[in-house]
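K.L.:
Predicted model follows, preceded by the sequence.
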Amino acid sequence: METLSKGQRLPLANLVPDGVLEIGVAAQGLALDVACFGLDAAGKLSDERYMTFFNQPRTPCGGVEARAGSVDDTAEFALQLARLPAGIDRLVVTASIDGGGVMSQLQAGHVRLRAGGRELARFAFAGSDFAQEKAVMLAEIYRKDGGWRCMAVGQGFNGGLDALVQHFGGEVDQAAPAAASAIQQAKINLEKRVEREAPQLVSLVKQAGVSLQKVGLLDHRAKVCLCLDISGSMGRLYKEGLVQRFAERILALGCKFDDDGEIDVFLFGKNVHHPAPMALSNCNTYVGQAIQRHPLEGDTRYGAAMQAIRAFYFPDKAGGERTRPVAAELPVYVMFVTDGGTSDQATTEKQLRWASNEPIFWQFMGIGKGRKSKSKFLAAFADSDFPFLEKLDELQGRLVDNANYFSVSSPDEHSDAELYDLLMTEYPGWLKLARSNGLLR
């Protein structure tokens, strides 16, 4: 590992020839909002979609993604430099104070580069490096002679996030804080995109908003993940388009919880697959194309899918055992869909217990003949097709109750209003538990 000083530059070609790496940021003594600006050759934010932060966590190309920090980092950006368009010449990682205070009150902090599980370089900073600044440019990844380099920056800005945005050529609404202005503009842009790219989702997005307003979550922000069973018995549901239509309903929920117009998707049977996100631009034929690339397969393994999802959002444990709470800015809402039992029950129980120490909520939906649920929308039957899912719903040994379960006879059994209300049955209560147990910042 190399220790960097302010202004020092580090070529990345030999260290990360594939351009895949992570940048972690940590700070003690102040609450900081971390962002990554993708700038053009003139050093300007020519495309606002390349400002990556907690409420806009991924660039359109997927080259930059904001993730929850690991044990040693409070925030992290996953980079795939080869995906960045030619017009993005620099990535600048910044931090601004969330609330009152100045940078001189900072106890200690660092920016570090990692790749393949190995730390490559670290730039340490502290309050003594600053005075009355409210924001700081920490590090820069930039193109040079056909390759990428990293520079430790450490330059402060008295005006905070507003000054940073203006420095990079962005416009700041003087009537509102820069972050709030960016969020509001992102919402407006997303509404226009839904109307233009996926008009069939307009009514779904509105209905999702109605259900969220009922439980006080209209302005709530979260990542949404759809996990789909691709075992052979699901064939009819895929063939008749029922899974496609259900996925569109979850994408609409994602459009209310986030403003990037996409949701993460995992497929599982014997194996686990992680295709590209389902987005407004590809949603019309998404499920059919996903099944073409990953045909239905034998076996059903909940635990393997859960491990892959946990490893994606919280890579520090790679989906393994976690015994202490880890906090993040945004929770993850997982919609887990299956039509049968699992062959890895013991693994699944371990995964759910370990995941209770992470800000992930698991909403299980079983598709079968019988129906049983705690929800007022579903009548209780004496027998259930999914006794193991019921067991997970009441599983002991968890930090918090991080799962809910209901079953349906078909994915389209409920109206849009009923479905969205059903999906919010236990999630609001889990959010309160997650905050009180240190899972959400």
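P.N.:
Right, received. Where do you want to start?
K.L.:
Please count neighbours and contacts with C-alpha atoms only from this point.
P.N.:
OK.
K.L.:
Quick check: next helix or strand after the lowest-mean-pLDDT helix or strand in the chain?
P.N.:
In the chain, no helix or strand scores lower on mean pLDDT, DSSP states H and E than helix 178-197, which sits at a mean of 62. Going down the chain from helix 178-197, the next helix or strand is helix 202-214, by DSSP states H and E.
K.L.:
what comes up buried for that following helix?
P.N.:
L204, V205, K206, Q207, A208, G209, V210, S211, L212 (16 or more other CA atoms under 10 Å).
K.L.:
What of stretch 156-174?
P.N.:
Buried-residue list, stretch 156-174, by 16+ other CA under 10 Å: 156-165, 168, 170, 172.
K.L.:
Please pull up the helix or strand immediately following the helix or strand containing V243.
P.N.:
Using DSSP H and E, V243 maps to helix 242-257. Sequence order places strand 262-268 as the next helix or strand after helix 242-257, per DSSP H and E.
K.L.:
partner strands of the helix or strand just after that following strand, parallel or antiparallel?
P.N.:
For strand 262-268, the following helix or strand on the C-terminal side (DSSP H and E) is strand 272-273. Within its sheet, strand 272-273 is paired with strand 262-268 (antiparallel), according to DSSP bridges.
K.L.:
Report the angle between the strand it pairs with and helix 242-257.
P.N.:
Angle, strand 262-268 to helix 242-257, by axes from the mean of the first three to the mean of the last three CA atoms, to 10 degrees: 140 degrees.
K.L.:
Can you give me every residue that contacts the closest residue to D260 other than its chain neighbours?
P.N.:
Among residues not flanking D260 along the chain, Q56 sits closest, at 6.1 Å (CA to CA, 6 or more residues apart in numbering). Residues in contact with Q56 (CA atoms under 8 Å, 6 or more residues apart in numbering) are R49, D258, D259, D260.
K.L.:
The second one - nearest residue in space that isn't next to it in sequence?
P.N.:
To tie it back to what came earlier, the one meant is D258. Nearest to D258 is R221, by CA to CA, 6+ apart, at 5.8 Å.
K.L.:
Kindly report the same for the first one.
P.N.:
Using CA to CA, 6+ apart and skipping residues adjacent in sequence, the residue nearest R49 is T59, 6.1 Å away.
K.L.:
got the contact list for the one you found?
P.N.:
R49, Y50, M51, T52, E65 are the contacts of T59 under CA under 8 Å, 6+ apart.
K.L.:
Also L84?
P.N.:
Per CA under 8 Å, 6+ apart, neighbours of L84: C61, G62, G63.
K.L.:
Just give the number of residues close to the second one.
P.N.:
A count of nearby residues for G62, using other CA atoms under 10 Å, gives 17.
K.L.:
got it, and the last one?
P.N.:
By the criterion of other CA under 10 Å, G63 has 20 neighbours.
K.L.:
My read is that it contacts L81, right?
P.N.:
Yes. If you go by CA atoms under 8 Å, G63 and L81 touch, sitting 5.8 Å apart.
K.L.:
Need the residues touching each of these two.
P.N.:
In contact with both G63 and L81: no residue, using CA under 8 Å, 6+ apart.
K.L.:
and L399, how many neighbours?
P.N.:
The criterion is other CA under 10 Å. On that basis, L399 has 18 neighbouring residues.
K.L.:
If you could redo that for S343, that was the one I meant.
P.N.:
By other CA under 10 Å, neighbour count at S343 equals 14.
K.L.:
That one looks like it's in a strand, true?
P.N.:
No. Applying DSSP: H, G, I helix; E, B strand; the rest coil, one finds S343 to be coil, outside a strand.
K.L.:
What about the residue nearest to it when sequence neighbours are not counted, how many residues nearby?
P.N.:
Spatial nearest neighbour of S343, chain neighbours left out: R301 (5.7 Å); criterion: CA to CA, 6+ apart. Neighbours of R301 under the rule other CA under 10 Å: 23.
K.L.:
Looks to me like Q155 is in a strand.
P.N.:
Yes. Checked against three-state DSSP, Q155 lies within a strand.
K.L.:
got a list of what it touches?
P.N.:
V136, M137, L138.
K.L.:
what's the distance between stretch 106-122 and the middle of its chain?
P.N.:
Average the C-alpha atoms of stretch 106-122, do the same for its chain, and the two points are 21 Å apart (CA atoms, centre = their mean, to the nearest Å).
K.L.:
Return that stretch as PDB; C-alpha atoms alone will do.
P.N.:
Only the C-alpha atoms of stretch 106-122 are listed here, as PDB (Å, rounded to 0.1, in the frame of the first residue of the first chain):
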ATOM      1  CA  LEU A 106     -12.700  17.100  11.800                       C
ATOM      2  CA  GLN A 107     -10.800  14.600  13.900                       C
ATOM      3  CA  ALA A 108      -9.400  12.400  11.200                       C
ATOM      4  CA  GLY A 109     -10.300  11.000   7.800                       C
ATOM      5  CA  HIS A 110      -9.000   9.100   4.800                       C
ATOM      6  CA  VAL A 111      -9.500   8.400   1.200                       C
ATOM      7  CA  ARG A 112      -8.300   5.000   0.000                       C
ATOM      8  CA  LEU A 113      -8.100   3.000  -3.200                       C
ATOM      9  CA  ARG A 114      -8.900  -0.700  -3.200                       C
ATOM     10  CA  ALA A 115      -9.000  -3.400  -5.900                       C
ATOM     11  CA  GLY A 116      -9.400  -7.100  -5.700                       C
ATOM     12  CA  GLY A 117      -9.700  -7.000  -1.900                       C
ATOM     13  CA  ARG A 118      -6.400  -5.200  -1.600                       C
ATOM     14  CA  GLU A 119      -5.700  -1.700  -0.500                       C
ATOM     15  CA  LEU A 120      -3.600   0.100  -3.100                       C
ATOM     16  CA  ALA A 121      -3.200   3.600  -1.700                       C
ATOM     17  CA  ARG A 122      -4.400   5.900   1.100                       C
END
